[in-house]
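Student: with the input below, show me the fold.
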Amino acid sequence: MPDDRPTPRQTPEAIERLCLHLRLSAPIVALYDAPPGPQFDPIVEPDETTCCFAYYERWVAGETLLLKRGGPGCPGGHRAFGLEKTTPPFMAHFLTDGVGAPTGQGLKATPEIGRALLDQARPVDVEGDLVLVGPLRANQWDAVRSVTFFVDADRMSAVTTLAGYWSTKKDVVVAPFASGCASLLRALGEYDEDRAVLGGLDVAMRRHLPEGLMTLTVSPARFAKMLTFPEASFLFRPWWEELMRQRQS
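Tutor: Have a look, this model is predicted:
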């Protein structure tokens with residue numbers, strides 16, 4: 001059966017069209033596997049062990065976060081983005097009871113469950129010793145490893161629908177147990193087929209986001225398909241327009 005989908009074009013105009021119809025106010029954020037340069041300015045480096053989501057407002061302001069192998073920033077983020085390959089031996093207890101760990105997060109019932117989940121993680125490979133996280137720039141498309149929407153519940157309904165618009169699968173969108181940073185990259189690679197990852201579910205990072213915002217992260221290929229939504233799609237139908245008008249009233 002011929003594939004009649006439009007050819008994806010990751011142009012600024014296509015991205016602007018998507019943002020316009022979704023009524024996005026938050027930036028679309030990309031994770032880049034690329035060296036820093038003026039094309040990503042202004043660039044900011046993290047403080048000590050600060051969570052990458054603490055820089056959300058900096059992303060809104062147009063800044064790009066630079067994370068270096070062995071440099072400052074949350075160690076979990078370094079692992080989630082492929083800058084570190086191993087986990088500390090105490091991680092199963094870090095997720096649970098805190099025995100022998102800096103703290104216990106109480107996120108799973110037992111260390112055995114925590115260890116089983118950690119053993120399922122697939123390491124991420126990156127080209128160099130750093131990654132960049134910041135506003136999506138169409139002119140840096142070749143360096144993009146993932147694309148993330150920051151959306152409220154209404155827009156989440158739209159982006160999850162759009163993520164599966166061209167698919168016959170019911171489970172295009174998944175919500176794995178993962179840290180907030182892992183949902184930006186590593187979780188994408190833990191499925192045998194391309195999936196969209198629902199994130200912002202990590203209790204520890206929620207305080208860094210405005211109330212009500214969650215994330216949906218997609219591969220560059222899926223995002224490119226999402227840009228091709230036609231006028232026959234739900235984004236041009238009355239119920240989407242009516243929902244947006246209702247929220248504004």
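Student: which ones are touching the closest residue to Gln120 other than its chain neighbours?
Tutor: In space, Gln120 comes closest to Glu190 once its chain neighbours are excluded; the distance is 7.1 Å by C-beta to C-beta, 6 or more residues apart in numbering. Every C-beta, even on glycine, is put in place using the N, C-alpha and C of the backbone. Glu190 sits next to 120-122, 176 when contact means C-beta atoms under 8 Å, 6 or more residues apart in numbering.
Student: how far does stretch 44-56 sit from its chain's centre?
Tutor: Taking C-alpha atoms, centre = their mean, to the nearest Å, the mean C-alpha location of stretch 44-56 is offset from the chain mean by 15 Å.
Student: show me the strands in this protein, by range?
Tutor: Counting by DSSP state E, the chain has strands at residues 29-32, 43-44, 64-68, 130-135, 144-151, 173-174, 196-199, 214-218.
Student: who does the longest one touch, helix- and strand-wise?
Tutor: With contacts taken as 3 or more C-beta pairs under 8 Å, 6 or more residues apart in numbering; DSSP states H and E, strand 144-151 sits against strand 29-32, helix 153-163, strand 214-218, helix 220-226.
Student: quick check: the most centrally placed residue in the chain vs Cys74, distance?
Tutor: The centroid of the chain falls nearest to Leu184 when counting by C-alpha atoms, centre = their mean (3.2 Å). Going from Leu184 to Cys74 by C-beta to C-beta, to the nearest Å gives 12 Å.
Student: same question, Ser179
Tutor: Distance check for Ser179 against Cys74: by C-beta to C-beta, it reads 9 Å.
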